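Colleague: Could you work out the structure for the sequence below:
(chains A and B)
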Amino acid sequence: MTAEIGHFSLILALVLSIFQGTIPLAGAALNRNQWVAVARPAARGQFLFVTIAFLSLIYAFLTSDFSVANVAQNSHTLKPILYKFAGVWGNHEGSMVLWVFILALFGLAVAEFGNGLPPTLHARVLAIQGLIGFAFLAFILFTSNPFLRLDPPPMEGNGLNPVLQDPGLAFHPPFLYLGYVGFSIAFSFAVAALIEGRVDPAWARWVRPWTLAAWCALTVGIALGSWWAYYELGWGGWWFWDPVENASFIPWLVGTALLHSSIVVEKRDALKSWTILLAILTFSMSLLGTFLVRSGILTSVHTFASDPERGVFILGLLVFVVGGSLTLYAIRAPMLKGGGLFAPISREGALVLNNLLLTTGAAVVLLGTLYPLILDAVGGGKISVGPPFFNATFVPLMVPVMLAPVVGAMLHWKRGDIGSVLGRLKIALSIALIGIVATGYFAENIKDLLAAGGIGIGVWLIFGSTVEISERISLFRGTFSNSLRRFARLPRSQLGMAIAHGALGIMVLGITASSAWRVENIQLMAPGDIASVSGYSLKFDGTKKIIGPNYQGERGTFIITKDGKKIGTLNPEKRRYPSANSETTEAGILTTISGDLYAVLGDERKNSAQGGSSWTARIYFNPLVAWIWIGAILMAAGGIISLTDRRHRIGPPKTARSPNKNNNKISSI
Amino acid sequence: MITRFITITLIALIISFSAVAVEPNEVLKDKSLENRARNLSKGLRCLVCQNQSIDDSNADLARDLRVILRERLKAGDSDKEVIGFIVARYGEFVLLDPPVNPRTALLWGGPGLIIIISGISLALWFRRRNTTIAEELSKIEKESLVSLLEDTPDRRGPEK
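Modeller: All right, here's what the predicted structure looks like:
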C-alpha cells in the first residue's frame, strides 16, 4: 500500500510541477499577480508530495518489503538498519528520488525564505525550480520507477553491494546531491535574472548563501567519497582520477569559481554576465555529473548505445537545460552592463585569475574524462586517460591557484599594490621558503624537489591566511584584549575565508606528503613475524574468525611498537558476504598526526609443514594523509562560518519596491 | 541488457575489491629491477577492472601482466621495449598515460589550447571593457556636469 502511496505522490508532484513551472512565469510576464502567487503554494505542495514519496520508499526499505522490486534487488533482511536506510539511495532509482527530494527541499527553502525578493524574481526562480523538478520526476516515473511491484515477491532480497555498506559511503550521496542540487538554486536565480534582465548586488547577495551552502555540502561529499576509497578499497590511495570522481570534481571546481565571482558582483557590481554564465555552467556540470554516473556511458559507449533509454533521457535533459539556458544567456547577457572598473592588479583582478584558472582546470578534467568516450564514439578506438595525464596537466594549473588567494585577499579593490602586500606577507613568505629549503635539502630526486615546492605552497597558504587575520585584528600591535575585541567584531565572511584558505594549505600538505613519501612494505607473514615500516615495528599476531550481522571473515591483529613502546594495534579484516557472494577488505588504520599506519590482509597461504598459515600483508606508512580530510572539513567549516555572516542572516537590503514602509521605519528609529 | 551490465560491473567490482595487489612471491630480488617494474606497472591498465592499474589490482589478468613485465625486465629489455611488448599484444588501451599521437593530439594539446583561448579572451575583454566603460562614464559625467551647471537640487538623490 505504501508503495502505491509513494507512486501516486510522485505523479501528483509531477502534475504540480507543470503548474509550478509555467503559471508563475506567464504571470510574471503578463503582470498577473494571482498567477505569480501560484509559485509559493506550488513549491510547498511539491515538497509535501515528494516527501511522502521519499518516506514511503524509506518505509519499504526499512520493513524489507520485497514485493517492491527495487527493495528486493537492493536490500536484505540481515542488513544492519543503517544500511537498510542508506540502501534507499544506494541504487539508481532511489538515488533519483533523493535527488528530487533535495530539490523540493531547496524549493521550499526558497519559497519560505524568499520574502525579501522582488515578487516576480521570486516567482520566476521557483518556476525554474519547478521545471527542473518536472524533468527529474518525469525521468523517474518513465524510466526509473522505484515503486514497481514484484509478483510473486521473493522471500529474500539480493542485498546491497557490500563495498557500499559503509558509514562513509552511506552519507556520501546525500552530501553530493545537496551540492549538485544546491547549485540548481544559483542556476534558477541566473535564469530568472536573465528573464528579468536585471542583475545587481542584491541579486548576488541572494545567490551567494545558496551557492556557499551547496559548495560546503559538495566539499564534504567529495571528501567522504575519497576517505571511503582510502580505507575501503584497500590500496592506500585516496584519489584515482576515476571518471566517477571527476564527475563530482568538475562541478566543484566551477562552483568554487562561481563562489568567488559572485563576491565581485556583490561588492563591486562587476563581472555580472560572467557570474551568470558560471551559475549556468556549474549546474550544467552537476547535471553532466549525474548523467555520466547514471547512464552507464562510463563503462562503455556501447553499453550506453544498446540500453539507451535512461541515458538518452538524461542526455536530452542535459541538451535542453544547457542549450536552453545558454541560448537565453546569448540573447540576454549583452543587456547586462558591467559596473565598477578595476585594474588587473586588484582584488577583482585576483578573483578573475582564480576564475580563469579554476574554469580552465575544470575544462581540462572534463577533457580528460570525456576524451576516451568521444574518441570511441567517433570510431577512433579505445584509449585510457589515467592519473598521469591529470598529474601532468591539471596539477601545474593549480599551482598559481594555490599561490594567489593569500595575496588576492589582501589586495585593495579597484587597484592594488602587489609589492606592499608581499611586504606585509614577508613573515609568511620566509616561513614558506624555510619549508622549501628544509624539505628540498633532503631531496633525492626530482619528485622530492617537486614535493618541497608543494610543502612551500601549503605552508604559504596556512601562514599567509594567519598573517591576514592577525593584521585585521592588529595582533602584536596593540593590547591583546584589543585584538580579541577586534576578532569578535571581525566579519564572519572574512574569518570564514581565511579559514578556508588556510585549510586548503593543510590539504596541500597532506596531498604532497602522502603522494611523495609513502612507504610500502609487502610481505608474507606468519604469526609472530615482525614487519618494520618508517621506524614502526608491526608484529603479526595471527587472525581470528569473526561473524558480523551479514558477513563472516577473518580479522588480523598487528601490534605496533615504536622504540620498544607499544602504541596501538591494527585490525585489518577480510569479509565475505554470502548474500552478495563477494568479499571486501577493511583496512586497519592507525591515524597519527604525522601519518597513518595502514595494513591490509591479502591471501592466506597454508604452510604444509607446521599446519599454520601465512598471510600476505601489505603495510603502508602514509605521511600526513589525514590532513587531506581535515583540510577538506575545515574548508567546509570556513564556508559555514561565512554563511553565518550578518549580511546573510538579515538578507539583502529591501529593494525600493515599498519605499514608504522603509521610510517609516527609518523615521521611527 | 541492463542486468547484464550490472552483473559485469559487479563481477569487476568483486574481482577488484576482494584483496590486495602485488604478491610477495612476484617481487624480484634485484631491487632496482623491481623498482622499475613497479613504476611501469603503475602506468598499465588492468583490462578487466574499472580504471585500475595492474599495480593496484589483484585480478588474475593483472597478475599475469605483472609477471610478464618482470620476465621481460629480467631478460634485459628496456622500459620502452617492455611497454612496446605489452602494447603490441593488448593495444594502446592498456596505457594509462596515453602516448602523444594523432589520435590523442587534441587531448594533449587541449589544455594548452584552453589556456591560450581563455587568456586571449580575458585580454580582449579587459580592453573592450575599459573602452566601453570609458565612453559610458563620459556620458554620465556629461549629465552630471549639466546638472551641476544647472544647479537643480531636486535632481540630486536623497541625503544620506
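Colleague: So which bits of stretch A:482-490 are buried?
Modeller: When neighbours are counted by 16 or more other CB atoms under 10 Å in any protein chain shown, the buried residues of stretch A:482-490 are found to be A:S483. C-betas here are computed from N, CA, C, even on glycine.
Colleague: pull the CA atoms of that stretch into CSV?
Modeller: What follows is stretch A:482-490, C-alpha atoms only, in CSV (Å, rounded to 0.1, in the frame of the first residue of the first chain):
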residue,chain,number,x,y,z
ASN,A,482,42.1,45.0,21.9
SER,A,483,42.9,42.2,19.4
LEU,A,484,40.4,40.0,21.0
ARG,A,485,37.7,42.6,20.7
ARG,A,486,38.6,43.2,17.0
PHE,A,487,38.5,39.4,16.5
ALA,A,488,35.0,39.2,17.9
ARG,A,489,33.9,42.0,15.6
LEU,A,490,35.6,40.5,12.5
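Colleague: Residues contacting it, please?
Modeller: For stretch A:482-490, contacts defined as CB atoms under 8 Å, 6 or more residues apart in numbering or on different chains pick out A:469-470, A:472-475.
Colleague: ditto for stretch A:137-157
Modeller: So stretch A:137-157 is contacted by A:3-4, A:6-7, A:10-11, A:13-14, A:17, A:50, A:53, A:56-57, A:64-77, A:91-94, A:96-97, A:100, A:309-310, A:313-314, A:317, A:579 (CB under 8 Å, 6+ apart).
Colleague: again, only this time at 7 Å
Modeller: The contact list for stretch A:137-157, computed with CB atoms under 7 Å, 6 or more residues apart in numbering or on different chains, reads A:3, A:6-7, A:10-11, A:13-14, A:17, A:57, A:64, A:66-72, A:74-77, A:92-94, A:96-97, A:100, A:309-310, A:313-314, A:317.
Colleague: Drop anything exposed from these.
Modeller: Burial by neighbour count, 16+ other CB under 10 Å: within those this picks out A:3, A:6-7, A:10, A:13-14, A:17, A:57, A:64, A:66, A:68-72, A:74-76, A:92-94, A:96-97, A:100, A:310, A:313-314, A:317.
Colleague: C-alpha coordinates for stretch A:523-533, CSV please?
Modeller: Extracted in CSV, the C-alpha atoms of stretch A:523-533 (Å, rounded to 0.1, in the frame of the first residue of the first chain):
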residue,chain,number,x,y,z
GLN,A,523,55.5,-9.4,2.7
LEU,A,524,54.3,-12.9,3.6
MET,A,525,53.8,-13.0,7.3
ALA,A,526,53.3,-15.9,9.7
PRO,A,527,52.0,-15.2,13.3
GLY,A,528,54.9,-13.8,15.3
ASP,A,529,56.7,-12.2,12.3
ILE,A,530,57.6,-8.6,12.5
ALA,A,531,57.5,-6.1,9.7
SER,A,532,59.1,-2.6,10.0
VAL,A,533,57.9,0.5,8.3
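Colleague: ranges for the helices of chain B?
Modeller: Under the criterion DSSP state H, helices of chain B are mapped to B:2-17, B:31-42, B:60-74, B:79-90, B:105-150.
Colleague: ok, back up a step: could the contacts of stretch A:482-490 be laid out in a markdown table, adding pLDDT, neighbour count and secondary structure?
Modeller: Below are those laid out as a markdown table (pLDDT from 0 to 100; neighbours: other CB atoms under 10 Å in any protein chain shown; DSSP: H, G, I helix; E, B strand; the rest coil):
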| residue | pLDDT | neighbour count | secondary structure |
| --- | --- | --- | --- |
| A:I469 | 87 | 19 | helix |
| A:S470 | 86 | 16 | helix |
| A:R472 | 83 | 18 | helix |
| A:I473 | 80 | 21 | coil |
| A:S474 | 75 | 14 | coil |
| A:L475 | 75 | 17 | coil |
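Colleague: Just the closest of those to chain B, please.
Modeller: The closest of these to chain B turns out to be A:R472 (CB to the nearest CB; 26.5 Å).
Colleague: what's the burial count for A:M525?
Modeller: Using other CB atoms under 10 Å in any protein chain shown, A:M525 has 23 other residues around it.
Colleague: Go ahead and confirm it touches A:S613.
Modeller: No: at 10.3 Å, A:M525 and A:S613 do not qualify as touching, with contact defined as CB atoms under 7 Å.
Colleague: Just the pLDDT at the residue in chain A positioned nearest to chain B, thanks.
Modeller: When distances are taken as CB to the nearest CB, chain A reaches nearest to chain B at A:G386, 2.8 Å away. Looking at A:G386, its pLDDT stands at 86.
Colleague: go on, A:G423?
Modeller: Looking at A:G423, the pLDDT reads 83.
Colleague: ok, and what's touching the helix or strand harbouring it?
Modeller: Using DSSP states H and E, the element containing A:G423 is helix A:418-424. Contact partners of helix A:418-424, identified using CB under 7 Å, 6+ apart, comprise A:345, A:407, A:410-411, A:429, A:471.
Colleague: Likewise for stretch A:574-587?
Modeller: Here stretch A:574-587 has contacts from A:76, A:78, A:159, A:161-163, A:231, A:234, A:548, A:550-554, A:572-573, A:598-601, B:14, B:17-19, using CB under 7 Å, 6+ apart.
Colleague: Quick one: low-confidence residue ranges for chain A.
Modeller: Filtered on pLDDT under 70, chain A yields the residue ranges A:296, A:299-307, A:338-339, A:608-611, A:648-669.
Colleague: any idea how it splits into domains?
Modeller: Per automatic domain parsing, the structural domains of chain A span A:1-160, A:171-405, A:519-626.
Colleague: From one end of the shortest one to the other, what's the distance?
Modeller: Looking back up the chat, that one is domain A:519-626. Counting by CA to CA, to the nearest Å, you get 15 Å between the two ends of domain A:519-626.
Colleague: buried ones in stretch A:46-65?
Modeller: Across stretch A:46-65, burial judged by 16+ other CB under 10 Å covers A:46-54, A:56-61, A:64-65.
Colleague: need the helices for the stretch 51-200 of chain A, in chain order.
Modeller: A:69-74, A:81-86, A:92-113, A:119-143, A:167-170, A:172-196 (DSSP state H, counting those that start in this stretch).
Colleague: cool, and the stretch 501-650 of chain A?
Modeller: Remark: helices assigned in the stretch 501-650 of chain A by DSSP H, counting those that start in this stretch are A:626-643, A:646-649.
Colleague: out of those, deepest packed?
Modeller: Highest mean neighbour count among these (mean count of other CB atoms under 10 Å in any protein chain shown): helix A:626-643, with a mean of 22.
Colleague: From the rest of the structure, what touches that one?
Modeller: Applying CB under 7 Å, 6+ apart, the external contacts of helix A:626-643 come out as A:209, A:212-213, A:215-216, A:219-220, A:223, A:227, A:238, A:492-493, A:495-497, A:499-500, A:503-504, A:506-507, A:509-511, A:514, A:591, A:596.
Colleague: and what of stretch A:93-109?
Modeller: Here stretch A:93-109 has contacts from A:43-44, A:46-47, A:50-51, A:53-54, A:57, A:70, A:88-89, A:126, A:129, A:132-133, A:136-137, A:139-140, A:144-146, A:173-174, A:177-178, A:181-182, A:184-185, using CB under 7 Å, 6+ apart.
Colleague: one more time with 6 Å
Modeller: Around stretch A:93-109, the neighbours that count as contacts under CB atoms under 6 Å, 6 or more residues apart in numbering or on different chains are A:43, A:46-47, A:50, A:54, A:57, A:70, A:88-89, A:129, A:133, A:136-137, A:140, A:144, A:146, A:173, A:177-178, A:181, A:185.
Colleague: and if you look at stretch A:3-20?
Modeller: A:42, A:45-46, A:49-50, A:52-53, A:56-57, A:60, A:68, A:130, A:133-134, A:137, A:141, A:147.
Colleague: Stretch A:436-455 and chain B in contact?
Modeller: No: figure legend: stretch A:436-455 not in contact with chain B (CB under 6 Å from any CB of the partner chain); closest approach 11.0 Å.
Colleague: Extract the C-alpha trace of that stretch and format it as CSV.
Modeller: Coordinates of the C-alpha atoms in stretch A:436-455 are reproduced here as CSV (Å, rounded to 0.1, in the frame of the first residue of the first chain):
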residue,chain,number,x,y,z
ILE,A,436,61.0,24.6,0.8
VAL,A,437,64.7,24.7,1.7
ALA,A,438,64.3,22.3,4.7
THR,A,439,62.5,19.7,2.6
GLY,A,440,64.4,20.3,-0.6
TYR,A,441,67.7,19.8,1.2
PHE,A,442,67.0,16.1,1.8
ALA,A,443,65.7,15.7,-1.8
GLU,A,444,67.0,12.6,-3.5
ASN,A,445,65.2,13.0,-6.8
ILE,A,446,63.0,15.4,-8.9
LYS,A,447,59.9,14.0,-7.2
ASP,A,448,61.2,15.1,-3.8
LEU,A,449,62.1,18.6,-5.2
LEU,A,450,58.5,19.0,-6.5
ALA,A,451,57.2,17.8,-3.1
ALA,A,452,59.4,20.5,-1.5
GLY,A,453,57.6,23.0,-3.6
GLY,A,454,54.2,21.6,-2.5
ILE,A,455,55.2,21.9,1.1
